[in-house]
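Trainee: When you get a sec, could you give me coordinates for this:
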Amino acid sequence: MNWQWVRLGSTVRIERGGSPRPIKSYITTDSNGINWIKIGDVDKDGKYITNTKEKIKPTGIKKSKEVYPGDFLLTNSMSFGRPYISKIYGCVHDGWLVLRNPDVVFDINFLYYLLSSTYLYNQFVIKASGSTVDNLNIDKVSSALICLPPLKEQTMIVNQIEKIIRLIQPFEELL
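Mentor: Predicted coordinates:
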């Protein structure tokens, strides 16, 4: 397989999060609660979602969107376009888009770096729209144009990126 230009939506299934309402009546401290993944639970420059501050009652699942370890989450409003990889099971509100089955076409780390790239972010900026807050939606993210290399080459690219990151990190710590 050679490198191909494709729309992001042809490579992953994209779904929008949802919120049970009123959310306060679904928040719980019970041990059987479901992780309630909020944008405030992630670091701005983080990569993984590993825990949450709150949980929702299991009855809230029907009104939300379940996410599983390995799913990609993409912020879709305010500070839109930030990718995260879920390492936990939980539910997400409508401030998230969920990208499912990425490992079918992507090296997971390649997709993370691709979604973090200025190239893709600039496409999101052009597509984002809102009366007071810029937003992304499924159609806008699905229509983003990406260059898709074969899996083996994706892994080689990731290895080079991570090698460069390791070289840069000591200097960033000096700032």
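
Trainee: In contact with the residue nearest the centre of the chain, which residues?
Mentor: Nearest to the geometric centre of the chain sits Leu73, at 2.3 Å (C-alpha atoms, centre = their mean). Listed by C-beta atoms under 8 Å, 6 or more residues apart in numbering, the contact set of Leu73 reads 37, 49, 67, 83-86, 92, 96-99. In short, each C-beta sits where N, CA and C put it, glycine included.

Trainee: Wasn't it part of a strand?
Mentor: Yes - counting by DSSP: H, G, I helix; E, B strand; the rest coil, Leu73 is part of a strand.

Trainee: Longest helix in the protein, please.
Mentor: When the chain is parsed with DSSP state H, its longest helix is helix 151-174.

Trainee: can you list contacts of it?
Mentor: Against helix 151-174 from outside (C-beta under 8 Å, 6+ apart): 3, 105-107, 109-110, 113, 149.

Trainee: okay, it in PDB with CA atoms only?
Mentor: Extracted in PDB, the C-alpha atoms of helix 151-174 (Å, rounded to 0.1, in the frame of the first residue of the first chain):
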ATOM      1  CA  LEU A 151       1.200   1.100   9.000                       C
ATOM      2  CA  LYS A 152       4.900   0.100   8.900                       C
ATOM      3  CA  GLU A 153       5.800   3.700   7.800                       C
ATOM      4  CA  GLN A 154       3.600   5.200  10.500                       C
ATOM      5  CA  THR A 155       5.500   3.300  13.100                       C
ATOM      6  CA  MET A 156       8.800   4.500  11.600                       C
ATOM      7  CA  ILE A 157       7.500   8.100  11.700                       C
ATOM      8  CA  VAL A 158       6.400   7.700  15.300                       C
ATOM      9  CA  ASN A 159       9.900   6.400  16.300                       C
ATOM     10  CA  GLN A 160      11.500   9.400  14.700                       C
ATOM     11  CA  ILE A 161       9.100  11.900  16.300                       C
ATOM     12  CA  GLU A 162       9.700  10.300  19.700                       C
ATOM     13  CA  LYS A 163      13.500  10.300  19.200                       C
ATOM     14  CA  ILE A 164      13.300  14.000  18.600                       C
ATOM     15  CA  ILE A 165      11.000  14.600  21.600                       C
ATOM     16  CA  ARG A 166      13.500  12.800  23.800                       C
ATOM     17  CA  LEU A 167      16.300  15.100  22.500                       C
ATOM     18  CA  ILE A 168      14.200  18.300  23.100                       C
ATOM     19  CA  GLN A 169      12.800  17.400  26.600                       C
ATOM     20  CA  PRO A 170      15.900  18.300  28.600                       C
ATOM     21  CA  PHE A 171      16.000  21.800  27.000                       C
ATOM     22  CA  GLU A 172      12.300  22.400  27.700                       C
ATOM     23  CA  GLU A 173      12.900  21.600  31.300                       C
ATOM     24  CA  LEU A 174      15.400  24.500  31.400                       C
END
